[in-house]
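# got a predicted structure here, sequence first:
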Amino acid sequence: MTADSVSAVPRPPSQKAAAPEITGAEAVVRALGLLGVTDVFGIPGGTIMPVYDPLLDDDTVRHILVRHEQGAGHAAEGYASASGRVGVAIATSGPGATNLVTAIADAYMDSVPLVAITGQVFSHLMGTDAFQEADIVGITMPVTKHSFLVKHPEDIPSALAAAFEVASTGRPGPVLVDITKDAQQKSAPFVWPPKVDLPGYRPVTKAHGKQIQAAAALLAEAKKPVLYVGGGVVRGRAAAELLALAESTNAPVVTTLMARGVFPDSHQQHLGMPGMHGTVPAVLALQESDLIVALGARFDDRVTGKAADFAPNAKVVHVDIDPAEISKIRNADVPIVGDVRDVLIDLDAAFRGAVGTTKPDIAEWWSYLDGLREEFPLGFSPTEDGLLAPQHVIQRIGELTGPEGIYVAGVGQHQMWAAQFIKYERPNAWLNSGGAGTMGYSVPAAMGAKVAEPDRVVWSIDGDGCFQMTNQELATCAINNIPIKVAIINNSSLGMVRQWQTLFYDGRHSNTDLNTGHGTVRIPDFVKLAEAYGCLAIRVEKEEDVDAAITLALETNDRPVVIDFVVSADAMVWPMVPQGVSNSYVQYARDHAPTFDEEI
Ligand SMILES: Cc1cc2nc3c(=O)[nH]c(=O)nc-3n(C[C@H](O)[C@H](O)[C@H](O)COP(=O)(O)OP(=O)(O)OC[C@H]3O[C@@H](n4cnc5c(N)ncnc54)[C@H](O)[C@@H]3O)c2cc1C
Ligand SMILES: Cc1ncc(C[n+]2csc(CCOP(=O)(O)OP(=O)(O)O)c2C)c(N)n1
């Protein structure tokens, strides 16, 4: 990934003195309106107060007052990931800005288009350890695609226009615009740049024709091809083009955690998710393939396992808009830099040109993969302690809500089960924190998704640990009429860490018991907590009550709903390839502890 943060602001060619003067703060609000922004998430404070004043009178930009800046950042991410539009978060300087850092880093890892606007101390005080001064440009430099420090009111329109352009084009990502308080207070002519032209920023979108031909030739010859589909296909809005190539080639498709939904789960060619907790057919399809066509996927270690042993016999075609990703982990035989949608169109045409009317014969490959599908379906066992099976709860949420819903996970076991047991049929229906794995993402991201897509049912599927990191945004949801639905998969523990302790630390469960659900201790009582936040709150402990609670949640739209599903702590996420181990060791067992003969 390229991290070329700078603080210079591109000025429009002519600053027309005739343009009427407005304050920098007014310029921020006017620019947001011109950029089509309708919703922003934030919290005011000393250095950003000038911007909040004109916001009060503005009726194009709705400001949603969150309870923690991390919530603003994740809400903006959820907004962006659900809609494809840029999400906006606003914070004051110092702690307001640093509270945004986790969400900015999260957006960087998952290529989310986000613009964070922060107030900065007066420019003459910068560098003096002034009250609430933090060098937020410096702090976020490694985790932003670009950063602007704005010290003059006349630079505000062009900085914001450039920020939106950079955040949303090429590889999407977070951009910071840090504006000093004096720049907000002073006045200048408002000059809107006719177009954004950033020297040195020219994302390549059109791929080289020769490379496309080379990729098509490999696809035409391959006996064991796989389309390895990543989050770039979601960000690049290329679901239809992917479907076309998949059906032309008849190649098996695997979708990473970041790509769930971009290829329909119901499609016969879909083998599911690859990687550490992927399906056996998806893991082995990659591992044993002779050609991997990586489409907006970045060979993450959760997918490759031990990279040196990954797919030893495969040639690789790697399509990515960010040249820094190509051959970063795995050497690409055919590197293709470009926008995946354009590439898919060209590649499909080139492939069809290469094979004519006869499709390559990959029947033997399919017969092997179909055998794996039959032998190793995803599944789970009933619990032994009489508590709910978390997988069942999550599966029923998906079945009763359907593919038009949006499902937003936290991080941990519940995230993996939500990726495995909900059937996704469309892009942008599944949101989660994949690269950073940020606990606390779910509730605020679900809030942002619901603001972007108010007509869709939005579920936050959260862990009892994650929920305790950001649940205060339920107040924001209740007050602002954002009726999300939260399913707490309450195993009373930091389940994913507990699972690793069970498997790799001799069952020594050090500091993973949260006391939130089992036995007599319930701290906090999630039902009381949710009620205090103005939500409808339900606790479910028996399987026969699961459907009724989900149905009631689906029928309740006048306030947020929280369901505390008390589930077994012993349920495990299977299959599992232990960290650092070759994917050949994918654990075929789906409901008992794995054995493996290689050091972790
Ligand atoms: C607990 C936990 C367990 C996990 N287990 C798994 C697992 O089992 N399996 C799994 O798959 N993941 C798993 N992950 C997620 C994993 O950490 C990575 O986030 C994920 O695998 C990366 O997905 P990706 O390769 O699709 O890339 P992304 O991070 O989605 O990156 C997208 C790529 O597409 C490119 N791109 C963006 N836009 C375009 C465009 N328009 N055209 C072309 N290219 C574009 C970007 O430059 C980037 O390289 C897990 C995460 C957690 C927290
Ligand atoms: C902010 C943050 N801190 C710590 C972790 C490490 N971690 C990953 S999963 C997990 C447990 C999550 O527990 P919970 O939310 O209850 O979900 P479960 O695994 O039980 O489904 C932890 C602590 C993390 N990913 N993010």
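Ah, there it is. Ligands and ions are numbered 1, 2, ... in the order given.

# hang on, Ser584 packs against Asp309?
Yes: Ser584 is within contact range of Asp309, at 6.9 Å (criterion: CB atoms under 8 Å). In this view, the C-beta of every residue, glycine as well, is placed from N, C-alpha and C.

# what's near enough to touch Gly534?
Applying CB atoms under 8 Å, 6 or more residues apart in numbering to Gly534 gives the contacts 474-475, 478-479, 559-560.

# most neighbours of all the residues you listed, which one?
Pro560 (31 neighbours; other CB atoms under 10 Å).

# up against ligand 1, what does the stretch 451-600 of the chain have?
Met496 (CB under 6 Å from any ligand atom).

# which residues in the stretch 451-600 of the chain form helices?
Assigned by DSSP state H, counting those that start in this stretch, the stretch 451-600 of the chain shows helices spanning 464-470, 473-479, 495-504, 526-532, 546-555.

# dump the ones you listed to a markdown table, plus mean pLDDT.
Shown next, in a markdown table, are those (pLDDT from 0 to 100):
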| stretch | mean pLDDT |
| --- | --- |
| helix 464-470 | 98 |
| helix 473-479 | 98 |
| helix 495-504 | 95 |
| helix 526-532 | 98 |
| helix 546-555 | 98 |
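
# contact partners of whichever strand or helix holds Leu347?
Element membership for Leu347, per DSSP states H and E: helix 340-355. For helix 340-355, the surrounding residues in contact (CB under 8 Å, 6+ apart) are 205-207, 209, 212-213, 215-217, 219-220, 232-233, 236-238, 241-242, 244-245, 248-249, 295-296, 319-321, 336.

# roughly how far is it from the heart of the chain?
In terms of CA atoms, centre = their mean, to the nearest Å, the centre of helix 340-355 is found 28 Å from the chain centre.

# now stretch 68-76
14 Å.

# so is that stretch next to ligand 2?
No: using CB under 6 Å from any ligand atom, stretch 68-76 never reaches ligand 2; the gap is at least 9.7 Å.

# picking up where we left off before, give the buried residues for the helix holding Leu347.
Neighbour counts over helix 340-355 (16 or more other CB atoms under 10 Å) mark 340-348, 350-352, 354-355 as buried.

# make CSV from these and add distance to ligand 2 to it.
Output for the buried residues of helix 340-355, formatted as CSV (distance: CB to the nearest ligand atom, whole Å):
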residue, distance to ligand 2
Val340, 28
Arg341, 32
Asp342, 35
Val343, 33
Leu344, 33
Ile345, 38
Asp346, 39
Leu347, 36
Asp348, 38
Ala350, 42
Phe351, 40
Arg352, 44
Ala354, 45
Val355, 45
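
# is stretch 271-286 positioned near ligand 2?
No: Stretch 271-286 stays clear of ligand 2 (CB under 6 Å from any ligand atom), getting no nearer than 11.8 Å.

# can you list the residues that contact that stretch?
Contacts for stretch 271-286 (CB under 8 Å, 6+ apart): 226, 228, 252-257, 260, 265, 292, 300, 302-303, 305, 310-311, 314, 369, 372-373, 375-376, 378, 416, 419-420, 573-577, 579, 583, 586, 588.

# between the two ends of it, how far is it?
End-to-end distance of stretch 271-286 (CA to CA, to the nearest Å): 10 Å.

# going along the chain, name the strands of the stretch 251-400 of the chain.
253-255, 270-272, 291-295, 315-320, 334-337 (DSSP state E, counting those that start in this stretch).

# quick one: those as a markdown table, columns for distance to ligand 1 too.
Below are those laid out as a markdown table (distance: least, CB to the nearest ligand atom, whole Å):
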| stretch | distance to ligand 1 |
| --- | --- |
| strand 253-255 | 8 |
| strand 270-272 | 10 |
| strand 291-295 | 7 |
| strand 315-320 | 4 |
| strand 334-337 | 9 |
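
# so which of those is the most packed in?
Using mean count of other CB atoms under 10 Å, the stretch among the strands of the stretch 251-400 of the chain with the largest mean neighbour count is strand 253-255, at a mean of 30.
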